[in-house]
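>>> fold the following.
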Amino acid sequence: MLQQKIPATVITGFLGAGKTTMIRNLLQNAGGKRIALIINEFGDLGVDGDVLKGCGAEACTEDDIIELTNGCICCTVADDFIPTMTKLLERENRPDHIVIETSGLALPQPLIAAFNWPEIKTQVTVDGVITVVDSAAVAAGRFADDHDKVDALRAEDDNLDHESPLEELFEDQLTAADLIVLNKTDLLDAAGVQSVRDEVASRIARKPSMIEARNGEVAAAVLLGLGVGTEDDIANRKSHHELEHENGEEHDHDEFDSFVVELPAIADPATFTERLKGVIAEHDVLRVKGFADVPGKPLRLLVQAVGSRIDTYFERAWAPGETRGTRLVVIGLHDMDEQAVRAAIAAAA
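Presented below is the predicted three-dimensional model:
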């Protein structure tokens, strides 16, 4: 008897858009489905994996969580993703659904194309690509400039006849989407949300469905079961990356750097958070994510920072035998002064 193909959902989105939170909510409300989760973490520390392992969802055990810490799944499909999928499919208890969280810096198109590889295509199909957008960031112009202003400047100056890597990445993720989730809409008024809708729609020729969300809360029935078969439509979703390759140019992610900062226990989390905001603003850090050891507390303090917004909460108990400590992944542009940022974060603690 032929086995039905396993559906796979690819979840992409810019740094700090809320992918991990949305997946965590999904796992906790999966309705009994056995879900395997592949996480492509950017940086040397799999923070997202640690966060998701603490979700306590029966639908996704620690054995069902696989981390790819290469930093760019689009560049290592053959070396990392295909072998990972092969091992997953060889398991005796195969999952009902596969969810893939890409790094905020990964291009989704090469990953989708990988589902057409012979050893994958016969067993798995892309149920849909979901792109999560930080609505508040877009409204503030943090990662995307005003579309009309950019077009006007281009008409006047040939030096602006291109887009920044951040804008290209944002557009590539939107272009790949079957469903766009405008997350964090609770931080905007109705006019602000409509502005974000207009901005997102203006970035792409395709018109995927678009929904609003807050705190990553989207019903599993909405996220799973799209039934698109996206791998068969990849030709209509070409990225800037692929167009550059057609011209013989190489792709790299040199515009981004990441490193891990290890610190002692944080005695005063509130003061540390305020000081960290200053470090982020001074050095134009894009993202900080990790966890902290707070003396006297049995739980780890999760730290998630996007721009000047920093969220902290106690997320799970330290496991028996687990070494307590403070470990943060810092992500920024390639010209970020790593030593200065390390010193500033250490001083903030």
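
>>> could you use CA atoms for every contact and neighbour count after this?
OK.

>>> how about R214, what does it touch?
By C-alpha atoms under 8 Å, 6 or more residues apart in numbering, the contact set of R214 is 183-186.

>>> quick one: which of those has the most company?
N183 (26 neighbours; other C-alpha atoms under 10 Å).

>>> that residue touches G18, doesn't it?
Yes. In this structure N183 lies within contact range of G18 using C-alpha atoms under 8 Å: 7.0 Å.

>>> what do those two both touch?
132-134, 215-216.

>>> which ones among the contacts of R214 map onto strands?
Of these, the ones assigned to strands by DSSP state E are N183.

>>> D311 pairs with what?
Beta bridges link D311 to Q304, judged by DSSP bridges.

>>> what's it in contact with, if anything?
Contacts of D311 (C-alpha under 8 Å, 6+ apart): 302-305.

>>> now do T131
Neighbouring residues of T131 by C-alpha under 8 Å, 6+ apart: 11-13, 173-174, 176-181.

>>> so how far is I82 from P295?
In this view, P295 and I82 are 43 Å apart by C-alpha to C-alpha, to the nearest Å.

>>> farthest-separated two in the contacts of R214?
The distance between the two most remote of those (C-alpha to C-alpha) is 8.3 Å, for N183 and D186.

>>> between the two, what contacts are shared?
Taking C-alpha under 8 Å, 6+ apart as the contact rule, N183 and D186 both touch 213-214.

>>> ok, L276 - contacts?
345, 348.

>>> isn't there a strand covering it?
No. Secondary structure of L276 (DSSP: H, G, I helix; E, B strand; the rest coil): helix, not part of a strand.

>>> turn the shared contacts of N183 and G18 into JSON lines, including neighbour count, pLDDT and secondary structure.
Below are these laid out as JSON lines (neighbours: other C-alpha atoms under 10 Å; pLDDT from 0 to 100; DSSP: H, G, I helix; E, B strand; the rest coil):
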{"residue": "V132", "neighbour count": "31", "pLDDT": "95", "secondary structure": "strand"}
{"residue": "V133", "neighbour count": "29", "pLDDT": "94", "secondary structure": "strand"}
{"residue": "D134", "neighbour count": "25", "pLDDT": "91", "secondary structure": "strand"}
{"residue": "N215", "neighbour count": "15", "pLDDT": "90", "secondary structure": "coil"}
{"residue": "G216", "neighbour count": "22", "pLDDT": "90", "secondary structure": "coil"}
